[in-house]
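**Student:** sharing a model prediction with you, sequence too.
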Amino acid sequence: MLGIILGILVLIVLIVVITNIKIVPQASVYVVERLGAYYATWETGLHFKMPFFDRIAKRVSLKEQVADFAPQPVITRDNVTMQIDTVVFYQVTDAKLYTYGVERPLSAIENLTATTLRNIIGEMELDQSLTSRDVINAKMRSILDEATDPWGIKVNRVELKNILPPREIQNAMEKQMKAERERRESILQAEGQKQSQILVAEGEKQSTILRADAEKQAAILKAEAERQAAILKAEGEAQAILNVQQALADSIKMLNEANPNEQVIKIKALESFEKAADGQATKIIVPSEIQSLAGLAASFKGLLEDEKK
């Protein structure tokens, strides 16, 4: 009988010991109380809990957690009511403060997020609130992180999921966006037409310039040709004059070399006046020597005719 009782007692002790051996998993901590007061924070590993005296008050995860809150009504500075839902990424940094700092920490974070969001949006107008997500996120993260620090919580990020203005505002915004798209389309079309006209005008300008250059080159070539023709004509006339003068000089030289007498010179002069008489001159002055020579020639001609008879 005594052996049975001892066996039962040993079995009970083993059960108690085994049930009070605790293993804390990775990224978790256990908050332990002894006789109702905080005793220790168990981290990852094997731990033994004192039976009947120790109690695990809270199991806390140290992983980053996500809290997705329902849409909250907020009013902008220009009295537009919008529905905004937020997502908070937070992490427990102190399990003791998280356990004893605030009752229902997640609910506290939700309420704090709603009030902070209302304060920030209340300082903005509708258009600013729709285009300032990054500013709102940064302000909310800073405020929430500072407010939750006594609770052992660190707020890593705050994101605005959706910003839903009233239906009439959405309709007005859609109309505005449509008008803006139509305006941009008109601007693009006008710009295209402008560029087309510019290209056409530029083409006509280049064509006119090329035509004027061609006419200019043609005029230059024509003037150059006329100049060359005039030069060649003048050179030809000058050469002819030189040739005549050279012939005269050569004839005078030959006469001088032949040493003609006075009668021959007078006969040559008479021949020159004969050629001059064939011209357009109405008056010809004949020297006296040539007149006497002409009379002599006439007498000589008469004698020859008499001998022939």
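**Tutor:** Sure thing, it's come through.
**Student:** what stretches of this structure score poorly on pLDDT?
**Tutor:** Low-confidence segments of the chain (pLDDT under 70): 252, 255-309.
**Student:** domains in it, by residue range?
**Tutor:** If you go by automatic domain parsing, the domain ranges for the chain are 19-60, 65-165, 184-272.
**Student:** Throw the ones you listed into a markdown table and include mean neighbour count, thanks.
**Tutor:** Placement of C-beta: from N, CA and C, glycine included. Formatted as a markdown table, the domains of the chain follow (neighbours: other CB atoms under 10 Å):
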| stretch | mean neighbour count |
| --- | --- |
| domain 19-60 | 14 |
| domain 65-165 | 16 |
| domain 184-272 | 10 |
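**Student:** and Met1, which of those domains is closest to it?
**Tutor:** domain 19-60 (26.7 Å; CB to CB).
**Student:** returning to that earlier point: including distance to Glu174, could the domains of the chain go into JSON lines?
**Tutor:** Listed next are those as JSON lines, based on distance: least, CB to CB, whole Å:
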{"stretch": "domain 19-60", "distance to Glu174": "47"}
{"stretch": "domain 65-165", "distance to Glu174": "11"}
{"stretch": "domain 184-272", "distance to Glu174": "16"}
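**Student:** return the distance of Ala70 relative to Gln83.
**Tutor:** 9 Å (CB to CB, to the nearest Å).
**Student:** between the domains of the chain, which one is nearest to Leu11?
**Tutor:** Using CB to CB, these put domain 19-60 closest to Leu11, at 12.3 Å.
**Student:** residues touching the spatially closest residue to Leu62 that is not a sequence neighbour, list them.
**Tutor:** In space, and not counting its chain neighbours, Leu62 is closest to Ala27: 4.9 Å by CB to CB, 6 or more residues apart in numbering. Contacts for Ala27 were tallied using CB atoms under 8 Å, 6 or more residues apart in numbering; they are Thr44, Ser61, Leu62, Lys63.
**Student:** how much space separates Ala27 from Val87?
**Tutor:** 21 Å.
**Student:** one more: Val24?
**Tutor:** Where Val87 is concerned, Val24 sits at a distance of 29 Å (CB to CB).
**Student:** mind listing the helices for the stretch 101-250 of the chain?
**Tutor:** 105-122, 126-130, 133-148, 167-258 (DSSP state H, counting those that start in this stretch).
**Student:** most neighbours of all the contacts of Ala27, which one?
**Tutor:** The most crowded member of these, judged by other CB atoms under 10 Å, is Leu62 (16 neighbours).
**Student:** mind checking which of the contacts of Ala27 land in strands?
**Tutor:** Ser61 (DSSP state E).
**Student:** closest to Lys233 among the contacts of Ala27?
**Tutor:** Lys63 (109.8 Å).
**Student:** contact partners for the closest one?
**Tutor:** With CB under 8 Å, 6+ apart, Lys63 has these contacts: Ala27, Gln91.
**Student:** kindly report the same for Asn137.
**Tutor:** Arg157, Val158, Glu159, Leu160.
**Student:** of those residues, closest to Gln128?
**Tutor:** Set against Gln128, the nearest of the contacts of Asn137 by CB to CB is Leu160 (13.5 Å).
**Student:** quick one, what contacts the closest one?
**Tutor:** With CB under 8 Å, 6+ apart, Leu160 has these contacts: Ile84, Asp85, Thr86, Arg133, Ile136, Asn137.
**Student:** roughly how far apart are it and Glu64?
**Tutor:** With CB to CB as the criterion, Leu160 and Glu64 are 19 Å apart.
**Student:** what of Leu35?
**Tutor:** For Leu35 relative to Glu64 (CB to CB), the value is 34 Å.
**Student:** which SS state does Phe89 fall under?
**Tutor:** strand (DSSP: H, G, I helix; E, B strand; the rest coil).
**Student:** what sits opposite it in the beta ladder?
**Tutor:** Beta-bridge pairing for Phe89 (DSSP bridges): Val66, Arg157.
**Student:** wait, isn't it in contact with Asp145?
**Tutor:** No. In this structure, Phe89 is not within contact of Asp145 by CB atoms under 8 Å, at 10.9 Å.
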